[in-house]
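Student: fold the following and give me the result.
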Amino acid sequence: MEKRLIFGFAIYVLGACNLTDKQHTDALATIDSLKTNLASAYTPGFGDVMRNNIQIEHEKLWYAASESNWLLAEHSLESLESGFKNLKHWKGDDPRAKFLDMIMPSAEAVSVSLKQKDLSAFKKKYAVLTNTCNACHRSTGYQYIVIKVPTGDHYGNQEFKIK
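Tutor: Down below sits the predicted model:
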């Protein structure tokens, strides 16, 4: 939806050079309408992204790497990082957004362990990543949300072990 609004905005701007006064006024009204639509477009909240993207990918990352499914683990890490980047983009004015960068060094360390296919290193780096999540929660007043290394088999509908 956002891309269509931006595209429509660009078309009006490019065409505005040869417009009559009425067409120019109409074009400005349309631009204002598009701006309003864009400003009110839905973006998920912090909690939505944390629960429905980041927390899920954090867990899937553990299961995939634990089964040496390195490609799936890398995919989960990329999705986790994408969630943080989206939060910065969508919620950059939120005071919590300034803490999001603290996760990236530990995510990069996890990435290195995945590329090396080193399960022992992954487990250590994953623990640092998890602790960094909890440090961020404490820094932002969400100390009651404590993330941990997953236990059990939560994702019964996905195969993590490569056959």
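Student: Provide a list of residues in contact with the most centrally placed residue in the chain.
Tutor: Taking Cα atoms, centre = their mean as the criterion, residue 83 is the residue nearest the geometric centre of the chain, at 1.0 Å. When the contact criterion is Cβ atoms under 8 Å, 6 or more residues apart in numbering, the partners of residue 83 are 49-50, 53-54, 57. The C-beta positions use only the backbone N, C-alpha and C, and glycine is treated the same way.
Student: pLDDT wise, what is it at?
Tutor: The predicted local distance difference test score for residue 83 is 96.
Student: distance check, it against residue 77.
Tutor: Computed with Cβ to Cβ, to the nearest Å, the distance linking residue 83 and residue 77 is 11 Å.
Student: hang on, the earlier thing: pull out the buried residues from the contacts of residue 83.
Tutor: Of all the contacts of residue 83 considered here, the ones buried according to neighbour count by 16 or more other Cβ atoms under 10 Å are 49-50, 53-54, 57.
Student: adding pLDDT, write those residues out as JSON lines.
Tutor: Rendered in JSON lines, the data for the buried ones among the contacts of residue 83 read as follows (pLDDT from 0 to 100):
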{"residue": "49", "pLDDT": "96"}
{"residue": "50", "pLDDT": "95"}
{"residue": "53", "pLDDT": "96"}
{"residue": "54", "pLDDT": "96"}
{"residue": "57", "pLDDT": "97"}
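Student: taking the residues you listed one by one, which sit in helices?
Tutor: 49, 57 (DSSP state H).
Student: which residue sits closest to the residue nearest to the centre of the chain in space, ignoring its chain neighbours?
Tutor: Of all residues not flanking residue 83 in the chain, residue 53 sits nearest, at 3.9 Å (Cβ to Cβ, 6 or more residues apart in numbering).
Student: residue 111 too?
Tutor: Residue 111 sits nearest to residue 77 (Cβ to Cβ, 6+ apart), 5.9 Å away.
Student: sounds good, over and out.
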